[in-house]
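1. Provide a 3D model corresponding to the input given below.
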Amino acid sequence: MRWKMETVAATVLLMGLLGCAPALLANAGVIPDPALAAQVEKRLRDANFDSVGVTVNAGIADLTGTVDRLSKVERAVEIARKTKGLAGVKNDITVASEQTDEQIAQAITHEIRMYPFYDIFDWVQGEVNSGVVTLSGQVRLPQRKNDYANLASQVRGVKMVKNELEVLPLSSFDDQIRLRLARAIYGTAAIGTRYGFQAQPAIHIIVKDGNVTLKGVVANQLDKQLIESRARTAGLYFSLDDQLRLATA
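-> The predicted structure follows:
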């Protein structure tokens, strides 16, 4: 009988401690999971993420729901991470859109062409497969690599961006080659008047370690030959690879 009474007393004591757990956690500066979930949910609602839900377990927030582009996923995760007291954020948000891969590719192309720092010395291309975008090409500055990926992530229907853009080495020698070639090509009236005054010039000059690659699209074979001829007159580079394509090809 005594053993039973001690067991009952121990059970009552344990239940009392469990009942005090939230208060003990609060006194220790640890925010309970339900309170954390409420804070994250409020932050998301204030940012108009009505389609994103959240649960918190052991201080880890699990975000679920559906959005229409990758940039919104990244933004929702960023908002959640700013909640004080969270130990981490798990992302289970999915991207769903009726956009086809072709429509996504066209939208990304438009965004990159409208980017004010996309010039004739960068080259960005890519492909889209089931909403997954792969960017490739060459850029002069590291921050532009990130900028182009960010532009792609903001397009509706994009689920993931694989950024395989190459950052070209910094070189004053290469910079001099770029300027000489730009003057030689776009300074020619027959070329400059038709290609140089476009909102986005079609002929791109990529230089790496003194080696030159011409990329872009030209109207006809005669223009292609003229551009290559003008590029060869600039001199003082190691090699020239003419990868210009014809508009009809």
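2. Could you pull out the buried residues of stretch 168-186?
-> 168, 174, 177-178, 180-182, 184-186 (16 or more other C-beta atoms under 10 Å). (Each C-beta comes from the backbone N, C-alpha and C, glycine too.)
3. now stretch 87-103
-> Neighbour-count burial for stretch 87-103 flags 89-90, 93, 95, 97, 99 (criterion: 16+ other C-beta under 10 Å).
4. Pick out the lowest-pLDDT one from those.
-> When the buried residues of stretch 87-103 are compared on pLDDT, residue 97 comes out lowest, with 89.
5. Tell me if I'm right that residue 211 and residue 241 touch.
-> Yes. Assessed by C-beta atoms under 8 Å, residue 211 is found in contact with residue 241 at 7.4 Å.
6. Settle it for me: which of the two has more neighbours?
-> A direct count of neighbours by other C-beta atoms under 10 Å for residue 211 and residue 241 places residue 211 higher, at 14 against 11.
7. and that one, bridged to which residues?
-> residue 208, residue 239 (DSSP bridges).
8. need the contact list for it.
-> 237-239, 241 (C-beta atoms under 8 Å, 6 or more residues apart in numbering).
9. again, only using 10 Å
-> Contact analysis of residue 211 by C-beta atoms under 10 Å, 6 or more residues apart in numbering lists 174, 177, 237-241.
10. again with residue 170
-> Contacts for residue 170 were tallied using C-beta under 10 Å, 6+ apart; they are 140-142.
11. before we move on, what about residue 68?
-> 51, 95-99, 155-158.
12. So which of these are in strands?
-> Counting by DSSP state E, those place residue 95 in strands.
13. List just the nearest of the contacts of residue 68 to residue 231.
-> residue 155 (33.7 Å; C-beta to C-beta).
14. Could you list the buried residues of stretch 142-149?
-> For stretch 142-149, using 16+ other C-beta under 10 Å, the buried residues are 144-145, 147-149.
15. Other residues contacting it?
-> Contacts for stretch 142-149 (C-beta under 10 Å, 6+ apart): 70, 108, 111-112, 115, 117-119, 122, 124, 126, 133, 135, 137-139, 141, 161-168, 170.
16. next one: stretch 234-242
-> By C-beta under 10 Å, 6+ apart, stretch 234-242 touches 173-174, 176-185, 205-215, 224-225, 227-228, 231-232.
17. Select from those every entry located in helices.
-> The helices, defined by DSSP state H, take in 173-174, 176-185, 224-225, 227-228, 231-232 from these.
18. Which one of the buried residues of stretch 87-103 is nearest to residue 55?
-> Taking C-beta to C-beta as the measure, residue 55 lies nearest residue 90 of the buried residues of stretch 87-103, at 9.5 Å.
19. that older thread, quick one: which of the contacts of stretch 142-149 sit in helices?
-> 70, 108, 111-112.
20. Having no further points to raise, I will conclude here.
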